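Asks: This is a predicted model, with the sequence first.
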Amino acid sequence: MDDLALADWPDTDVAAEPPALASGPRKGRGAIANPGCRFDRTRSELLDDGWGTVAEDLADPPPIETTLTRDATRSIIAWNDSPDIGFDRAVNPYRGCEHGCVYCYARPSHAYLGLSPGLDFETKLLFKPEAATLLAKEIGKPGYVPRPIALGSNTDPYQPVERQLRITRAILEVLAEAAHPCTIVTKSALVLRDLDLLTGMASRRLVRVCVSVTTLDRRLARVMEPRAAPPARRLQAIEALARAGVPTGVLAAPMIPGLNDAEMEAILAAASRAGATAGGYVLLRLPHELRALFTEWLQAHYPERAAHVLSLIRQTRAGALNDARFGSRFSGVGVYADMLAKRFAIAARRFGLDEPMAGLDCTRFVPPRRHAEERQLALL
């Protein structure tokens, strides 16, 4: 695997076609199958020997349990210099996400672990138990300059396992004590568990939260993002956060042409009524293995419209299913993408979601090391 570079798997539609024999949908899971990744040296393919056993096995696939593996990472802050991302640092407590959102752009990152971006991504999770300790060390280093840290840039910091592991809460405790600003993106109502920390941070302009609402259709949500909070619970989370004084926005993301993009205005209206004060959207992205995974899911759940949806996606991606170029990867190109952008601008202005959220305060920051020294001096 070491000598296979990312460029060895071109970001084209070559891998967009699903395998001929694939398992059916599994209850509570988003991906249909567990295909290989772009770094694999070999490919495997199902073959029936004539006894019909493969078809029988695939007709009623067994449930897959979620497994947790300790991630012994030695650093926790992920840095980036992408020109179209509004932050330069992020913390991800988990690798993989049990929400199982079939469209998740982070799925291909599981390939770096030697795991499949399919079912492995949502069932074989890695957690970082030392995240808070590592964070305190890293932001306490001499010369560290604070800027907002993004939580939820890759996988959801409030996915179901957080209820027991509480890694995200421990991270927030470090940030709150050090008066370090952060942003949170989630589609989970579990964020309300930490309202005590968030309200205190919000009063010092140290936090803002964006809740992702992809659809208001409970059935679509159930098959598209099976273990995430249902749409109504996300709107309730927006309402509770806003009522508590936490600056809260909504992300209508991703918008999938021909599947949920017709709901854009309704999503923004519902979020505005709930108390959101800012909004955003992202066009569906299908990098690497995600093209085949999404195509397979679409044909399994919405066969009557699969060809139309894929055609519309290609219209927004210069004829391909993905376009990774900076400047257009989040919004797309062409007539359809332009129309979506105009619809969003009109709706955001109509519902009062077109103003950027207030900036966060980086001037209050006190390195954790200094906190420790001050506590020691107080004992003298």
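Replies: Received it, and whenever you're ready, just let me know what you need.
Asks: Hmm, residue 202 and residue 246 touching each other?
Replies: Yes: A contact is recorded between residue 246 and residue 202 when judged using CB atoms under 8 Å, the distance being 4.5 Å. The way it works is simple: take the backbone N, C-alpha and C, and place the C-beta from them, glycine included.
Asks: Which neighbours do these two have in common?
Replies: Overlap between the contact sets of residue 246 and residue 202, as judged by CB atoms under 8 Å, 6 or more residues apart in numbering, is given by residue 208.
Asks: helix/strand/coil for the spatially most central residue of the chain?
Replies: To find the centre residue of the chain, average its C-alpha atoms and take the closest one (CA atoms, centre = their mean): that gives residue 155, at 4.5 Å. Assigned with DSSP: H, G, I helix; E, B strand; the rest coil, residue 155 falls in the coil class.
Asks: What's the local residue count around the nearest residue to it once chain neighbours are set aside?
Replies: On the basis of CB to CB, 6 or more residues apart in numbering, the spatially nearest residue to residue 155 that is not a chain neighbour turns out to be residue 97, at 4.0 Å. Applying other CB atoms under 10 Å, we find 28 other residues in the vicinity of residue 97.
Asks: Against residue 77, how distant is residue 97?
Replies: Using CB to CB, to the nearest Å, we find residue 97 at a distance of 20 Å from residue 77.
Asks: Contacts only, for the residue nearest to the centre of the chain.
Replies: When the contact criterion is CB under 8 Å, 6+ apart, the partners of residue 155 are 92, 94, 95, 96, 97, 104, 106.
Asks: What's the local residue count around residue 138?
Replies: The burial metric for residue 138, expressed as a neighbour count using other CB under 10 Å, is 15.
Asks: Could you verify my assumption that it touches residue 76?
Replies: Yes: taking CB under 8 Å as the contact criterion, residue 138 and residue 76 are neighbours in contact, 6.4 Å apart.
Asks: quick one, strands of the stretch 101-250 of the chain?
Replies: With DSSP state E, counting those that start in this stretch as the definition, the stretch 101-250 of the chain shows strands at residue ranges 124-127, 149-151, 182-186, 207-212, 248-255.
Asks: coming back round to it: now, which of the contacts of residue 155 sits nearest residue 38?
Replies: Taking CB to CB as the measure, residue 38 lies nearest residue 106 of those, at 14.6 Å.
Asks: Need the nearest residue in space to the closest one, chain neighbours excluded.
Replies: Using CB to CB, 6+ apart and skipping the chain neighbours, the partner closest in space to residue 106 is residue 154 (4.7 Å).
Asks: thought that neighbour was touching residue 109?
Replies: Yes: judged on CB under 8 Å, residue 154 makes contact with residue 109 at a distance of 6.5 Å.
Asks: Mutual contacts of these two, please.
Replies: In contact with both residue 154 and residue 109: residue 95, using CB under 8 Å, 6+ apart.
Asks: just to revisit the earlier point, tell me which helix or strand the residue nearest to residue 155 sits in.
Replies: Assigned by DSSP states H and E, residue 97 belongs to no helix or strand.
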